[in-house]
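Colleague: A predicted structure for the sequence below; I have some questions about it.
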Amino acid sequence: AQSVAQPEDQVNVAEGNPLTVKCTYSVSGNPYLFWYVQYPNRGLQFLLKYITGDNLVKGSYGFEAEFNKSQTSFHLKKPSALVSDSALYFCAVRALGGGQLTFGSGTQLTVLP
Amino acid sequence: DTEVTQTPKHLVMGMTNKKSLKCEQHMGHRAMYWYKQKAKKPPELMFVYSYEKLSINESVPSRFSPECPNSSLLNLHLHALQPEDSALYLCATQGSDGYTFGSGTRLTVV
């Protein structure tokens, strides 16, 4: 069975500082990895995905994520956080060969002014 | 969010009511999903439609009844719901570029 772990329920960071939201995964075969962001009372907005290729994936709003196969991790990063980045972030995985999307438990990011 | 449109955005219904949620997409995606999401929790898969046929039902109670009239539309019919069914209901589609989610319907059962 596949699974995703987001070990931090809450991440606080000062505006202008770099941010990292952690994600580790377990899946049979090669992974298809995603990050989504959710603002209050809204649906999930796609940030970025990894299928194959460069381990560093660049996405929307200045976010990027680094795929590390040996550590089975896909951490979300941003060099300089904005107050408007405050939201709930979900990591998700699916086996590249098919199947359903499995979500992590979510990490609430708060960027302090 | 605008590529997958869900209506209504908010719905309040009594436990004896019948209502429907609607999801519409024009992306040509052939897989469509219903998810249920409680506050601050990840979405939980309810149903999967593939090429307009129900392919997965994640043991959802029969008071939830999905329907896929055509490749662009997905409905979720609701009847005799319970207060614990109050949640954000999300529709999603899957294409070659990944998954696209609608903005959801916030359902409150009173």
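Modeller: Good, I have the coordinates.
Colleague: hey, let's count contacts and neighbours off CA atoms from now on
Modeller: Will do.
Colleague: tell me where the chain has strands.
Modeller: I went with chain A, as the question did not name one. For chain A, the strands defined by DSSP state E occupy A:3-5, A:10-14, A:19-21, A:24-26, A:31-38, A:44-50, A:56-58, A:64-68, A:73-78, A:87-95, A:102-103, A:107-112.
Colleague: right idea, wrong chain: chain B
Modeller: In chain B, strands defined by DSSP E lie at B:4-7, B:10-13, B:18-25, B:31-37, B:44-50, B:53-57, B:64-70, B:73-79, B:87-95, B:98-101, B:105-109, listed in chain order.
Colleague: between those strands, which gets nearest to chain A?
Modeller: For the strands of chain B, the distance to chain A is smallest for strand B:98-101, at 5.8 Å, taking CA to the nearest CA.
Colleague: tell me how many other residues crowd A:Gly62.
Modeller: Per other CA atoms under 10 Å in any protein chain shown, the neighbour tally for A:Gly62 reads 12.
Colleague: and what of B:Glu67?
Modeller: The local packing of B:Glu67 (other CA under 10 Å) involves 16 other residues.
Colleague: likewise for B:Gly28?
Modeller: Residues within reach of B:Gly28, counting by other CA under 10 Å, total 11.
Colleague: list the contacts of it.
Modeller: Neighbour list for B:Gly28: B:Ser71, B:Ser72, B:Gly95 [criterion: CA atoms under 8 Å, 6 or more residues apart in numbering or on different chains].
Colleague: separate out the buried members of these.
Modeller: Neighbour-count burial (16 or more other CA atoms under 10 Å in any protein chain shown) is assigned, among the contacts of B:Gly28, to B:Ser71, B:Ser72.
Colleague: so which of the contacts of B:Gly28 comes closest to A:Ser105?
Modeller: A:Ser105 lies nearest to B:Gly95 out of the contacts of B:Gly28, by CA to CA, at 24.0 Å.
Colleague: nearest residue to B:Lys53 other than its sequence neighbours?
Modeller: B:Cys68 (7.4 Å; CA to CA, 6 or more residues apart in numbering or on different chains).
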